[in-house]
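[1] Predicted structure and sequence below. I'll ask about it afterward.
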Amino acid sequence: MSDLATILIRLADRLGSPIDSPVPLDGGITNRNYRVRFPGGEYVVRLPGKDTGLLGIDRRAERLAAERAAALGIGPELVYADEDCVVTAYRPGRALSEGELEDPAPVGRALRRFHDSGLQLPTQFWVPALLAEYESLVRRRGAQVPALFTRAQQTVAGIAQVLPLSSPVPCHDDLLPGNLLLTPDGMLLVDWEYAGMGHRFFDLGNLAVNNDLDEAAEERLLEAYWGPPVTPGARASLKLMRIVSDAREAAWGVLQELISELEFDFPDYAERHFERMERAAADPHLEEWLNAAAA
């Protein structure tokens, strides 16, 4: 993992020497982020965390996705990217906080544009495969795989039977509130490092569960994405992918506890997502959702 000083020296040939001291940015739970002022303007410089490649991240896919998002007007301009850093144009605004996304329609429309952009990414994002890889890594590190992890795999496998990855599209896959940037010109999607060819409903479910959308907001999201009327199958698919998203977040937390050097309570993060996944998987409507999604 490269240090910031080394990265800034490397970037000097392209952007010049920084004018001020870099300002750390809060919110990242995978990487370290800094706001840096160069002669040509302000930029965000992100340094990947330790062993982030083990989390299913493909840096080439991230670069391609970020470039396409910027071209579509739904992401900031990508200035530079390699294995050691990503530099994007700084856009005035603020990241959303938990529960703040009251109207998800603009994000739904942005996702639809990205999903239908025709972009082909060099990696796949498919949660059943990710969970199997995470489990293998946990075992290789000599740690015990939690029982909830195993249950999550079983639950996800059942959902994947009715929502298979049959027509993958380019996806963001990490729609946490902190990755939704509210700017004077509208909402932007940032941090594309988990981008891959995946299931469009995963992005929708991931957005919904991570931003605590209620059923009315979910309906607005689906209407913005698909257009009215919203079908029972679409509602059910979103509900199921909320469960899949929490399974992945929880498993991610288990693995991050073993590999990350960031000061963050990953065990608590995993526990909270496991608990929410378990509650949703125990919902009496689960069988109804599975049937509607399959139809």
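    Right, received. Where do you want to start? Numbering: from 1, shown residues only.
[2] Surely Arg37 is in a helix?
    No - going by DSSP: H, G, I helix; E, B strand; the rest coil, the assignment for Arg37 is strand, not a helix.
[3] what's near enough to touch it?
    Arg37 is in contact with Pro18, Ile19, Asp20, Tyr43, counting by CB atoms under 8 Å, 6 or more residues apart in numbering. Every residue, glycine included, has its C-beta placed from N, CA and C.
[4] Please name the bridge partners of it.
    Beta bridges link Arg37 to Glu42 when assigned by DSSP bridges.
[5] Show the low-confidence segments of the chain, by residue range.
    Within the chain, the ranges that satisfy pLDDT under 70 run 1-2, 27-31, 49-54, 56.
[6] so where do the helices sit in the stretch 101-250 of the chain?
    105-115, 127-140, 147-162, 200-210, 215-226, 232-259 (DSSP state H, counting those that start in this stretch).
[7] possible to save those as TSV with distance to Tyr80 and mean neighbour count?
    Below are these laid out as TSV (distance: least, CB to CB, whole Å; neighbours: other CB atoms under 10 Å):
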stretch	distance to Tyr80	mean neighbour count
helix 105-115	21	20
helix 127-140	28	18
helix 147-162	36	17
helix 200-210	26	26
helix 215-226	32	18
helix 232-259	26	23
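[8] and Pro48, which of the ones you listed is closest to it?
    Smallest distance to Pro48 across these (CB to CB): 11.9 Å, for helix 232-259.
[9] That closest one - contacts with which helices or strands?
    Under the contact definition 3 or more CB pairs under 8 Å, 6 or more residues apart in numbering; DSSP states H and E, helix 232-259 sits against helix 127-140, helix 147-162, helix 200-210, helix 215-226, helix 266-281, helix 286-294.
[10] Quick one: work out the angle between that helix and helix 147-162.
    Following axes from the mean of the first three to the mean of the last three CA atoms, to 10 degrees, one obtains 150 degrees for the angle between helix 232-259 and helix 147-162.
[11] In this protein, which residue is most central in space?
    Asp174 (0.7 Å; CA atoms, centre = their mean).
[12] leaving aside the residues next to it on the chain, what's closest to that residue?
    Nearest residue to Asp174, sequence neighbours excluded (CB to CB, 6 or more residues apart in numbering): Tyr194, at 4.3 Å.
[13] So what does the one you found look like in phi/psi?
    phi -100, psi 10 (degrees, to the nearest 10).
[14] List the residues that contact it.
    By CB under 8 Å, 6+ apart, the neighbours of Tyr194 are Leu55, Gly56, Ile57, Glu62, Phe125, His172, Asp173, Asp174.
[15] looking at it, Ser237 is touching Ala294, isn't it?
    No - the pair Ser237 / Ala294 is not scored as a contact, 9.8 Å apart, by CB atoms under 8 Å.
[16] Counting by contacts, list what the helix or strand encompassing Val45 packs against.
    Val45 belongs to strand 41-47 when assigned by DSSP states H and E. Contacts defined by 3+ CB pairs under 8 Å, 6+ apart place strand 41-47 against helix 4-15, strand 32-38, strand 86-89.
[17] Apply 10 Å and report the result again.
    When contacts are defined as 3 or more CB pairs under 10 Å, 6 or more residues apart in numbering; DSSP states H and E, strand 41-47 sits against helix 4-15, strand 23-25, strand 32-38, strand 78-81, strand 86-89.
[18] Out of those, which is closest to Ala270?
    Here strand 32-38 is closest among the helices and strands packed on strand 41-47 (CB to CB), at 21.3 Å.
[19] in that closest one, what counts as buried?
    Neighbour-count burial for strand 32-38, counted by 16 or more other CB atoms under 10 Å, picks out Arg32, Asn33, Tyr34, Val36, Phe38.
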